[in-house]
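J.: Fold the following, please.
(2 chains)
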Amino acid sequence: MKEARCQLELRINGDTRLANAYPTDLLLDVLRDSFGLTGAKPGCRNGDCGACTVWVDGQPMKSCLLLAAECPGLEVTTIEGLKGGEMQRAFVEQFAFQCGYCTPGFIMNAEALSRLQPPPDEDTIRDWLQSNICRCTSYEEIRLAVREVIQRRSEGKLAEEAERLVEDGSGGMKGELNG
Amino acid sequence: MAPGESGGSALAEIGRSVPKKESFYKVTGTARYTGDRTEARYLHASLKISPHAHARILGIDVARARALPGVRAIVTGADCDVLTGEEIRDRPIVARDRVRYHGEVVAVVVADTETQARQAVDLIEVRYEPLPVVQSPTEAMRPGAPILHERLGEYEKGPGVVPVPGTNIASIIYVRLGDMTQGWALSETIVENAISFKPSDHAAMETRSAIAEILPDGRIHVVSSTQAPFAVKMYMAKYFGTEAGQVEVEAPLVGGAYGGKAAIQLELIAYLASRAAGGRPVKAMYTRLQDMITAPCHIGLEAIVRLGSTKEGKIVAAHLTYRFDGGAYDDKSSDVARAAAGDCTGPYAFEHLHCECLTVYTNHPYASAFRGYGHAELTFAIERAIDALAEELQIDPWTLRMINIARPGDLAPTRDLLNESNLGDLPACMERMKALAGWDDWKVRQVDDFRIRAKGISCFWKNSSIDPNASSGAIVSFNVDGSMNLDTGVVELGTGTRTVLAQILAERMRMRTERIHVRSVVDTAISPEHWKTVASRGVFMAGRAVLHAADDAIRQLKAIAACVLRADPEDLELGDEEVFVRGDPHVRIEVKKICYGYMFPNGNTIGGQIIGRGAYTQRRMNPMNPFTGEGTPGPEWNVGAHSVEVELDTRDCTYRIVKAISVNDAGRVMNRMGALGQIKGAMSMGLSFANRETFLFDNEARVQNPTLRDYSIFRYGENPEYVVEFVERPCLDGPYGARALGEHGLIGMPAALASALSRASGVRLNRLPLFPERIWRARMGYADDSVSL
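T.: Now for the predicted structure:
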């Protein structure tokens, strides 16, 4: 079973990156091993847990179910490339993670969900977030975090927030969260 | 007054919902777990596992695998004859001439890449002769049952482990109080109830990973997703004949553990792999399947509880038979059983007690610690029997529990005297739970033609039995800006313990927790030892060590400040990162000016950098006597009361878990949102276990559901509404009165769920998980629920 490596030109987090990969290599493994983007986690490599969720052209996808060779020409975004920080901050404030292993996948999925128009209802949120497993929390914390962001965005505060972020240039990750 | 408290002044840092110190790393993908470490120099290991639960190995042919490009070494059982195990040394690292469970490791390939290693694994040919399997403790103890460990009598074992050679009994322990003959004579009503469940899994999202390397000077370096880096260090030194100081173990952030990563297994495999590859670093990561069946799992149990009571509901006699399904090797299962034996009655005082608690070998994946350490298990057995007794006596189940709850002045099964500090306030938890559940309003309610709502309750206690000499240490130091660094040996599993420890330090130093820096990696070469990050002992033990370390630092700060301020150290106070004279607060100096010594204007310097140290060991612990149960295996019994409400569809016996309530005595809530998260997360795990989690075995004891697709666990939106409250009666040994919390939301959940569903379905449900089919079978009268021991 000989196979040749091929050079793949990938778009990752806005940059063009070259990977030397086998045609059978998973996107997950190329992200982790070639680029050190270890935010996507190999929780099951079977599409069951969602810990490896990234965006492909803005859609949340399980990177263990994609071959890297499928991705040239597509925009891949990982948790490391997520800009904005609002969902991340909501996860911190609501204690929506403990061990944190499922968190990047949950945030990537929830963030994509929160950008839907019209804003998703409870059933849609459940349908989407059931593709990820969290073993530590009760899911209530995650629900609160996601709902909070969706609600804020649906109230049109997103525009204001974006403006503020541009102004202070912190990418949204500045400031005390404690208290 | 509890340690840390000074009396009077309100606490500023304790109780505050400080987010976990590593929060930003975890939401940005920056947090690094063991498996995230990748270096070009690493070799990769892949495992060949047994497809049989019990078989003789007739031969292993590695020739084709060895010939693959990139393969550096192959390890089989022939390469290492060391037997391992913390209680009984019964387990080879790689199977030798026999496999005893489905998933047992039979060979390890080391190759340049993971893909090459996996390809080579597929080319290894193993010839087996299948042997008859043992599927349950009951089967294992039948005359003529296959014996798993013929050499049981020759194995090295720890103190207090009592195996029965020639049988499948790995360990036996008795607990006795009073006189059973008298107990039965006093009994006006006797009920007997049997329960059972099979092994299941921890299913942490991070599969276990380890990297091992043998350095040129012979030192062994290990990185592992472990809860017990110091135990890894100690046992590796023991197993491989080196000094503990020659072994260095790093424990980065751990992606969920729940007890399952306290077991030592993959570290040993990675070490053998490195040794076979000339000491080069080898990285090994379990696949999900291996993490579920090769690695240790959650213990199974078969139990019969017989209770004798007066007509008024005072339980006077209890005969308890616990038979734990420890699986193929003992690991910690006999210690789990011992912990269960120590608290075998549940939170009740029974005057006449006989408990026989066995750990039994079967051909199942072997068991290790699981959140609750035997207590969710024993609680299920006891609480189901209490419900049965309540039904028999026609007494309200809540009232029956209140009549029998152990109170200060009573004896624990271990004959320890209970008092208001070492025993949590269960009556207060019960009262509050009753109010929250609306227990007096209704217990069963018909919703429509088909659907019935019902409530169930349970209560529990748990002592944390750990090694009597287990210790915990803390080191604190300063930065030139006056902020502090805290190092302990507590591994951050996601419970937020290292953040709570920072809060304890901040409270004692009267500064802000934000000014305390906490490392997220434990390194056994430099971090002070914390025995194991298990048993909900992190805050309790390391917290006491942190208080000692803080006091040590404060003494040193005051000594320097006394010279500078020309004041008696006894007149000095610390607050807001300044040392000042109590009676004249404008005479003061900033901590940052003295924490590296103080330099006078002419250059003269006094003192030096300040390093505070502290250590803590639990007081007057001693192991249980295996023939009487007498001993002091742990310092305090923590308690809680649970309630679950369900809605059952009587047509197909499907059901919805509507609400789950937990009221725990937290002693002192250290971090409110953190504490709520610990309890709710544990409740979720307990309900998921009770509702659906089990390994499904075929007739050859092979696990049929070793993936997260067919081993179902709760997902988003399947959770009920959670209601959590705390009672705070301080434990006088806990820092600021804190009691253990991390496991306690789980313990009574299975029993409460079964209680609610039994009430809704009208039949006693005693087997887990509570699949709708099982309820339906019970309603149809099929004899599915009987266990005969």
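J.: In terms of pLDDT, where does the residue of chain A found nearest chain B sit?
T.: Distance from chain B to each residue of chain A (C-beta to the nearest C-beta) is smallest for residue A:39, at 2.1 Å. To be clear about C-beta, it is placed using only N, CA and C from the backbone, and glycine gets the same treatment. pLDDT recorded at residue A:39 is 98.
J.: And the average pLDDT for stretch B:406-413 is what?
T.: 98.
J.: Sorry, wrong one. I was asking about stretch B:524-531.
T.: Across stretch B:524-531, pLDDT averages out at 96.
J.: ok, now stretch B:301-313?
T.: For stretch B:301-313, mean pLDDT rounds to 98.
J.: for stretch B:149-167, same thing?
T.: Rounded mean pLDDT across stretch B:149-167 is 96.
J.: The closest residue to residue B:61 other than its chain neighbours: neighbour count?
T.: Nearest non-adjacent residue to residue B:61, counting by C-beta to C-beta, 6 or more residues apart in numbering or on different chains: residue B:125, 4.3 Å away. Neighbours of residue B:125 under the rule other C-beta atoms under 10 Å in any protein chain shown: 13.
J.: Which of the three states applies to the residue of chain A closest to chain B?
T.: coil (DSSP: H, G, I helix; E, B strand; the rest coil).
J.: tally of neighbours for the residue nearest to it when sequence neighbours are not counted?
T.: Once flanking residues are discounted, residue A:39 sits nearest to residue B:29: 2.1 Å by C-beta to C-beta, 6+ apart. By the criterion of other C-beta under 10 Å, residue B:29 has 25 neighbours.
J.: With residue B:401 instead?
T.: Neighbour tally, residue B:401, other C-beta under 10 Å: 25.
J.: Can you name the next helix or strand after the longest helix that chain B contains?
T.: Counting residues, the longest helix found in chain B (DSSP state H) is helix B:543-565. Downstream of helix B:543-565, the first helix or strand assigned by DSSP states H and E is strand B:572-575.
J.: What lies in contact with that following strand?
T.: B:509-510, B:554, B:557-558, B:561-562, B:565, B:579-582, B:585, B:591 (C-beta atoms under 8 Å, 6 or more residues apart in numbering or on different chains).
J.: try 10 Å
T.: B:9, B:508-511, B:550, B:553-554, B:557-559, B:561-562, B:565, B:579-583, B:585, B:587-589, B:591 (C-beta atoms under 10 Å, 6 or more residues apart in numbering or on different chains).
J.: Near chain A, which residues of the stretch 151-300 of chain B are found?
T.: B:202-207, B:209, B:225, B:253-258, B:285, B:287-289, B:291-292 (C-beta under 10 Å from any C-beta of the partner chain).
J.: In strands only, show me the residues you listed.
T.: B:209, B:285 (DSSP state E).
J.: picking that back up, correct me, but the residue nearest to residue B:61 touches residue B:57?
T.: No: using C-beta atoms under 10 Å, residue B:125 is not in contact with residue B:57, being 11.4 Å away.
J.: Low-confidence stretches in chain A?
T.: For chain A, the stretches with pLDDT under 70 are A:1-3, A:157-179.
J.: Look up phi and psi at residue 56.
T.: Looking at chain A here, since you left the chain open. phi -120, psi 120 (degrees, to the nearest 10).
J.: actually chain B
T.: Per-residue torsions, residue B:56: phi -90, psi 140 (degrees, to the nearest 10).
J.: check which helix or strand covers the closest residue in space to residue B:581 that isn't next to it in sequence.
T.: What sits nearest to residue B:581 in space, not counting adjacent residues and going by C-beta to C-beta, 6+ apart, is residue B:587, at 4.3 Å. In this structure, residue B:587 sits in strand B:584-590 according to DSSP H and E.
J.: Could you do residue B:387 as well?
T.: Counting by DSSP H and E, residue B:387 is part of helix B:375-393.
J.: Return the per-residue confidence for the residue nearest to residue B:61.
T.: For residue B:125, pLDDT reads 98.
J.: which ones are touching it?
T.: Applying C-beta under 10 Å, 6+ apart, the residues contacting residue B:125 are B:48, B:59-65.
J.: I am finished for the moment; much appreciated.
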